[in-house]
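1. this is a predicted model, with the sequence first.
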Amino acid sequence: MSVFQRDDWISGFPFSPSRLSAGGGNPSRARMPGLVAGARINDGHILDGYAQNLATTLGRKTIPPGLNAAPRPGTDTLARRSLPARQQAPRQVIRLLPLEAFIWGSNAVPPQPRTRTDHALIWVTQGRLQLDLPRSRRKLGAGDLRWIPAGTAFAARPLEGTQGHVLLVAPALTRDLDPGPPRSHFAATVGDDSGHLLVLMRNLEMLARQDAKPPLFARHLGLLALALGELAPERPEAAPELSEAADMSLLARFEALIRTELPATVTVADLAQKLGCSTAALDRACLARRGQRAIEAMNDMRLERAVTLLRETRLTPVQIAARLGYSGHAHFARAFAAATGRRPEIFRAQGG
């Protein structure tokens, strides 16, 4: 006889009474006597996925003290309690930093040029600052000032004992200003009468902390633009030595060749062959003048051209990737995000 056809099981075996039922099993061994049994958790009218409210099903008298089902006087249940909306800290559109605490560039040693998403006004008041741009390297001294627009690749490293100021400005504040800050890299020298310039920089930071209205920002940024226009021009730098001049000549030809060869996928070896030098000589020239190897210089120049095309043309990122010799849109997007922190589409949507 099959076990399923037997009707002589003793005490309901193998279907033993549940401890959760009102009368089955040993009531003394139940963990919460009468609680779950009285809740009728297996009733057919309860929809799947819905639990009974023990407070309404059992009543307050049957709830053990530890459950605290009833709300405290003067309070509401969690379901009805309105939680305050999460407050976001106001985005600081202008920041004034001490120059000695401002180090910018890649994680390499020394730092290599890298683009920023905001404008940077760098002013050295004491000591020296190593400033590396894609096509030049220079040590700034006391009184030197630089305006570096957003999207420009640069590296800044203050030397020991350097002091000064760095003003970081969100590009949205300077858009359509007349007069406005310089649209390209700007170099000048600050004279002894520089107190008004520092006052303007501090006032802008104060407006940012107070979350001031855009017209106030526009007014003070216009005054800053006028103050920059009244500064003396950049001081001439000493002429390079003959070996440095040779490196500069090779580097200039290398950079010019990259601009003409960008639509094609070329290697550093191909470029060195066209320049009539070895890859080692090309690397030495790039390291001496740019602080980076030839392949890094080529990639940086390609990204700079990509930034220009995203700002000044309506070419899609796919078209830009093909024009600049990337293997595809994915390759271009990864390289661009690694350098700027944003994908090309987001960079263009945010106004660069």
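-> In hand now; what should we look at? Residues are numbered from 1 along each chain as shown.
2. and the strands in the stretch 251-352 of the chain?
-> Taking DSSP state E, counting those that start in this stretch, the stretch 251-352 of the chain contains no strands at all.
3. tell me where the model's unsure across it.
-> Within the stretch 251-352 of the chain, the ranges that satisfy pLDDT under 70 run 262-265, 352.
4. buried ones in stretch 192-206?
-> The neighbour-count check on stretch 192-206 (16 or more other C-beta atoms under 10 Å) flags Leu197, Leu200, Met201, Asn203, Leu204, Glu205 as buried. Backbone N, C-alpha and C define where each C-beta goes, glycine included.
5. nearest spatial neighbour of the fourth one, chain-adjacent residues omitted?
-> So that's Asn203. Among residues not flanking Asn203 along the chain, His220 sits closest, at 5.6 Å (C-beta to C-beta, 6 or more residues apart in numbering).
6. part of a helix, is the one you found?
-> Yes. Per DSSP: H, G, I helix; E, B strand; the rest coil, His220 lies within a helix segment.
7. got a list of what it touches?
-> Neighbouring residues of His220 by C-beta atoms under 8 Å, 6 or more residues apart in numbering: Leu200, Asn203, Leu204, Leu207.
8. Ala101 and Glu261, how far apart?
-> 40 Å (C-beta to C-beta, to the nearest Å).
9. neighbour count winner among those two?
-> Comparing Ala101 with Glu261 by other C-beta atoms under 10 Å, the one with more neighbours is Glu261, at 15 against 8.
10. quick check: the more buried one vs Asp283, distance?
-> Distance of Glu261 to Asp283, computed by C-beta to C-beta: 18 Å.
11. swap in Gly325?
-> 20 Å.
12. count residues in the vicinity of Ala142, would you?
-> 16.
13. pull the contacting residues for the closest residue to it other than its chain neighbours.
-> Counting by C-beta to C-beta, 6+ apart, Ala142 lies nearest to Gln126, which is 5.4 Å off, once chain neighbours are set aside. The neighbours of Gln126, taking C-beta under 8 Å, 6+ apart as the test, are Ala142, Gly161, Thr162, Gln163, Gly164.
14. check which helices and strands the helix or strand encompassing Leu200 sits against.
-> Using DSSP states H and E, Leu200 maps to helix 195-209. In terms of contacts (3 or more C-beta pairs under 8 Å, 6 or more residues apart in numbering; DSSP states H and E), helix 195-209 is packed against strand 94-98, strand 163-169, helix 214-229.
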